[in-house]
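[1] Give me a model of this one.
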Amino acid sequence: MLLQAPATLAGALAVAAMAAAFHPRAAALLVGSRTLRGLAWAGKLSYSLYLIHVPIGGKIINLGTRLHGGSPTRLSVLAAAVSTTLLAAWLLNRFIEKPSQRWSGSLAFSRVRP
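    Next up is the predicted model:
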């Protein structure tokens, strides 16, 4: 039952994305929505999330599998893993990725002539 909710959410997001891609009016309705702003925020963190999700979230879930408990324990571990991973990704993005992008943008490259 727990795995069905994320699959349903992913399916709904996929349908919304396809509607926005193929129908301009649907895209206009989604532009001002909170869902789209949340997805834009997640998109900004996507590379940081990619880098950090296994070392942080995976470790928390691994530790959580050692706890004995029912669904509330599993949901608590999942919530802790997701929130900690998002926080770590935001910190990585804010203090490492963005400053690195600003620094690399300020570099001047010159062509080497043979």
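
[2] what residue is smack in the middle of this structure?
    residue 42 (4.3 Å; C-alpha atoms, centre = their mean).

[3] That one and residue 105: what is the separation?
    Applying C-beta to C-beta, to the nearest Å, the value for residue 42 to residue 105 is 23 Å. (Each C-beta comes from the backbone N, C-alpha and C, glycine too.)

[4] can you check residue 49 too?
    Applying C-beta to C-beta to residue 49 and residue 105 gives a distance of 22 Å.

[5] of the two, who's got more company?
    residue 49 (20 against 7; other C-beta atoms under 10 Å).

[6] how much space between the more buried one and residue 41?
    11 Å.

[7] tell me which residues of the longest helix along the chain are tucked away?
    Scanning the chain for the helix with the most residues, using DSSP state H, yields helix 71-92. For helix 71-92, a neighbour-count test (16 or more other C-beta atoms under 10 Å) marks 77-78, 81, 85-86, 88-90, 92 as buried.

[8] ok, and what's touching it?
    2, 45, 48-49, 51-53, 56-58, 60-61, 63-65, 67 (C-beta atoms under 8 Å, 6 or more residues apart in numbering).

[9] Lowest pLDDT pick from the residues you listed?
    Confidence by pLDDT is poorest for residue 2 among the contacts of helix 71-92, given 44.

[10] out of the contacts of helix 71-92, who's nearest residue 97?
    residue 48 (6.0 Å; C-beta to C-beta).

[11] what sits up against whatever helix or strand comes next after the longest helix of the chain?
    Downstream of helix 71-92, the next assigned helix or strand under DSSP states H and E is helix 98-106. Helix 98-106 has contacts (C-beta under 8 Å, 6+ apart) with no other residue.

[12] How far does helix 98-106 sit from its chain's centre?
    Averaging C-alpha positions (C-alpha atoms, centre = their mean, to the nearest Å) puts helix 98-106 22 Å from its chain's average.
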